[in-house]
Each structure stands twice: as structure tokens, then as C-alpha cells.
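[1] Turn this into a model:
(chains A and B)
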Amino acid sequence: MELNKQSINRDEVIIVAEHLVKTFPGPVLALDDFSIRVKRGEVLVVIGPSGSGKSTLLRCLNGLEAIDSGTIVIDAIPLDHHESNRLAIRREVGMVFQSFNLFPHLSVLENINLAQCLVRKKSKPEATRTTRELLAKVGLGEKIDSYPDELSGGQQQRVAIARALALRPKVMLFDEATSALDPEMIGEVLEVMRTLAEEGMTMVVVTHEMGFAREVSDRVVLMEAGRLVEEGATEQFFLQPVQERTREFLRQIL
Amino acid sequence: MRTRSAVFIQIRDLLGFGLTIAAAVLLILRGSEQLGYNWHWRQVPRYFYTLIDGQFLPGPLLKGLALTLEITAISLVLAGVLGLMTALLRLSSSLIGRGLARFYLESIRNTPLLVQLFFLYFVMAPIFDIGRTATAVLALSLFEGAYASEIFRAGIESIGRGQWEACHSLGLSRAQTYGRVILPQALRRILPPLTSQAVSLIKDSALVSTIAVYDLTMEGRTIIAETFLTFEIWLVVAALYLGLTLTLSVLANGLERRYPRIA
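    Residues are numbered from 1 along each chain as shown, chains lettered A, B, ... in the order given. You can find the predicted model right below:
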């Protein structure tokens, strides 16, 4: 990627989310006055028990779920009712899903080309060049003509990452990207994510991989019941958590 | 041992089937004999075509077949378009759109096709000055379109939410999502029920003979009225319909095999 960690002004905030409230029918309060800021080039890991609102947070950040109240601004674009703004954010924010969600009727090449051609209006050869580059990057150059069902889970997820990167997003969201994978395939996906982080991609990562979180993230957030329990720089978060709830949670998962 | 008994079962089945068919044919022949029916198969070909001075002249059966083909082909396309549009309307966020689609669907599905045909022919056609054949096409398209729309809707809804979410996160518009991701997968899935709907359309098209459209069925009736070749002509007409529907099924099978991706 063209991003270079040194050139990034690390104090610049790229994601501002304030007082987010999201309820699901039930009613379930998935986000309860939740606020978070992410700096450009930062890797933020969001952890928490299941149902704590981690996935909902990611899905609200790119407009997949509409928030009930609160404000979200990404790269100075407000996620409001203006369709053009919403579209812009969808383009600038890449997302990787737990279940990959590749297009099964398209080859790997077509999967990654599709949005480049339709959304970025690139010509096919131009898109294909980018696709080859990205596939080489995720280590799947030889799979360009395969179909998703011919790939392993780990390979599918790497293609999905390449597909999201093809739009040159400013932010990448990872929603439990390794949770659906067999244990032996988790490493190859985390490796790609680690490379991305090293290149300076702004990432918000929901994960249960604490090793990855400790090693790669700059900051960690613990959520519970739609609220922020604790946030802190990674080292401090794991070694000297302030909240009793955080200590308890870390004991349970580590 | 197992294969031998399997082969034995096949042979037994085949024999049983052959005997049953033979018995049925025999019964029919006997029955028709008792009726004093005289078979005149030799007279049938000239209702297909005649050669006068080496010139090929299509007979009423071929003409009827051609009209049936024309009516069903146009109706098939119209019903497909109508069905898809109705399905999209039903799945849209527009309240009016959903209501309209629902109204169309319920009124078509809950009245007999024959009544719809008569309504269009005796009420709407005079008002809007629509021709007979056009009325027939309209009735068939409206009727089959309603059923096709339910097939389309089921197909679209069978595509997982994840596909929509992937498109959303990639910045695709709704139209792009439908056109490039959802419909290609849905169409492949609904090809079998869509084919049987198309077969229904071909068969239902026989009803247009009631509004004096000279399709295959109408031509058959006319020939019989003039010649009393009742058994021969109805057998031939049935065989022609069978030929049409089987051809369609074979074509659809070919399509299915050409696009085997995604279960």
C-alpha cells in the first residue's frame, strides 16, 4: 500500500463517534451512549463478552445499521441522512465479515474487480492490475481464477480482505474475521491483518484473539452491555487494567 | 449379488411397465372398435402441410402451432418482466409499491384464468380497443406474471443477508447489488420452478381458444368439427404440446448445467 507509517500524522482523528444509541426490537439496548475516537493509522481492538455490542458498533460505523441517536463522522464526512455522505463512507470504510461473504457466483478476480469497476469506475485492465497486486499481497496470486467454493476458509477470508482493500479504504473494520475459521487457518489471516497494521492502515478490530490484540493493536476497548467499560493503550490495558470488570474479563479469556 | 438383484428389479419393472402400456393401448383400441370408430391416420398429414406444385403450404395444425409458440413466447418474456418487477416492488421500501404489487398478486391468484380472459376480452378489449391475440397475450402474461413474481421473490429472499452486507460495505448501489450479485444467484436457484411455470404457461395458453384465437387447440377443434377425426387430431394436438413443453425442459436443463456454480 502507498500508506507509510512515518508520513502519518498520528494525532489526526479519523473516526469520531459520539453518544451512539442503538436499540434492536425486543427491546435490546445494543449501544448505550457509546463514544469512541480513532486516530489515523491507529489499530483499535474492541473486546467484550458476546452480546456486548461490539459487532453492532462496527456495523453502525459503516452505516450497515442505522443509529437511533448520536453522531458518527469518518474522515470529516458525517454519516447523516444525506445519501451522498452515506455512500462516501461506505466507500471509504472497508469491512471484513466473520462469514467472508464472498460472491459465490464470481471468480476471485471478479469478486475483487466488481466494486473497483462499478464504484471506482476503473477500467477492467486497470482493476485487474490492482487485483493481482492485492492477491499477491495476501499470498493468493495463483488463485485468481478460482471460485470461492474451491478455497479454504482462510483463503476465502484473505480474498475478502483483498476485496475490501481494492477500494483503497481509509479505514478497515474487522468483525470477528477469524471466528469462523479452523484453528490452523487463523494464523494466515492474522498475518495479513498484521501486515496491514504495519503499513499504517487505520483498523477497528473486533476479535477474540488476545495474542493478536496484544501484539498488533495500539489501543484496546472493553465493551459490555453497549457501554464502554475501559479503554487504554494496549500494554497498559493488559498489564494494569483499572476496572475490576476488565480484570475479571481478562482472567476469563487469557 | 446386490447388482444382480438390482438388474433383476430393473428388468421386472420394465416388463411390468411395458405390459401395462400394452394393455392400455389394447383397451383403447378395443374400446374405439366397439364405438365403431374408424381410424384415418392417413388424412392427418395434410392438416400439417400440403405440397402443391412442389410448394410448401402450412396447414392449420402448423399455423396453430406457430401462433401458440408466438403467444407463449411473448407472454413468457412479458410474464418474466412483470414477475420480476412485481417481486422488486414487493421487496421495496415503498408502501404504495408494496400495496400495488400485493393487490395485483391477490386479484390474479384468486380468480380463475378463464374469467380473467373473458373479463379482458369482453370488458377491457372493447374499451381500449385491443385485438384478440393481444388480449390473449395480456391475459397470459398477467396471470403467469403473478406466479412468477412469487418465485422471483422467494429466490431473492433466499440469498443470504451477508451478500447484501458485502455489497453495502463495498459501496454498491441497490441497483448494482441486485443486478450483479443478488439476481444472478437468485435466477440460478429459481430456474427449476421458473421452468415449470413456463410449462404451465404453454399449457394454459390452450384457454385462449375460448376467445376465438386460432391457436393449436382452436385449430384442432375446427378440424374436428369439419372432419370428425376426433381421436387422431386430439392425440396429435396433445403430442404437439408435449413436444413443446419437453423441448423447453431440455433447454432449461441445459442452462442449469451451463451454470452449475452455487447450490
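
[2] Show the average pLDDT along the helix or strand where residue B:126 lies.
    Applying DSSP states H and E as the criterion places residue B:126 in helix B:125-128. On average, the pLDDT along helix B:125-128 is 94.

[3] same check, this time on stretch B:241-252
    For stretch B:241-252, the mean confidence score works out to 93.

[4] Next: stretch A:194-206.
    When pLDDT is averaged over stretch A:194-206, the result is 95.

[5] Could you check how far that stretch is from the centre of its chain?
    9 Å (Cα atoms, centre = their mean, to the nearest Å).

[6] Buried ones in it, by neighbour count?
    Within stretch A:194-206, the residues that count as buried by 16 or more other Cβ atoms under 10 Å in any protein chain shown are A:196, A:197, A:200, A:201, A:202, A:203, A:204, A:205, A:206. (C-beta placed from N, C-alpha, C; glycine too.)

[7] Could you do stretch B:175-187 as well?
    Buried residues in stretch B:175-187 (16+ other Cβ under 10 Å): B:176, B:177, B:178, B:180, B:181, B:182, B:183, B:184, B:185, B:186, B:187.

[8] Show me the contact partners of that stretch.
    Residues from elsewhere that reach stretch B:175-187 (Cβ atoms under 8 Å, 6 or more residues apart in numbering or on different chains): A:103-105, A:114, A:118, B:88, B:152, B:155-156, B:158-159, B:163-164, B:166-168, B:172, B:194, B:262.

[9] what's the burial count for residue A:235?
    Residues lying near residue A:235 (other Cβ atoms under 10 Å in any protein chain shown) number 12.

[10] ditto for residue B:211
    19.

[11] pLDDT value on it, please?
    Per the predicted model, pLDDT is 94 at residue B:211.

[12] and of the buried residues of stretch A:194-206, the nearest to chain B?
    The nearest member of the buried residues of stretch A:194-206 to chain B, counting by Cβ to the nearest Cβ, is residue A:204 at 13.1 Å.

[13] Please, which helix or strand holds the closest one?
    Using DSSP H and E, residue A:204 maps to strand A:202-206.

[14] before we move on, which element is the most centrally placed residue in chain A in?
    Centroid-nearest residue in chain A: residue A:173, 1.3 Å away (criterion: Cα atoms, centre = their mean). Per DSSP H and E, residue A:173 falls inside strand A:171-175.

[15] cool, and residue A:19?
    Element membership for residue A:19 (DSSP H and E) is strand A:13-24.

[16] Adjacent strands (with direction) for that strand?
    Here strand A:13-24 is paired, per DSSP bridges, with strand A:28-39 (antiparallel), strand A:69-74 (antiparallel).

[17] Can you point out the buried residues in the shortest one?
    Right, the one you point to is strand A:69-74. By 16+ other Cβ under 10 Å, the buried positions in strand A:69-74 come out as A:70, A:72, A:73, A:74.

[18] hang on, the earlier thing: could the strands paired with strand A:13-24 be laid out in JSON lines, adding mean pLDDT?
    Formatted as JSON lines, the strands paired with strand A:13-24 follow (pLDDT from 0 to 100):
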{"stretch": "strand A:28-39", "mean pLDDT": "94"}
{"stretch": "strand A:69-74", "mean pLDDT": "95"}
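
[19] okay, those strands in a markdown table with distance to residue B:104 next?
    Formatted as a markdown table, the strands paired with strand A:13-24 follow (distance: least, Cβ to Cβ, whole Å):
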| stretch | distance to residue B:104 |
| --- | --- |
| strand A:28-39 | 37 |
| strand A:69-74 | 39 |
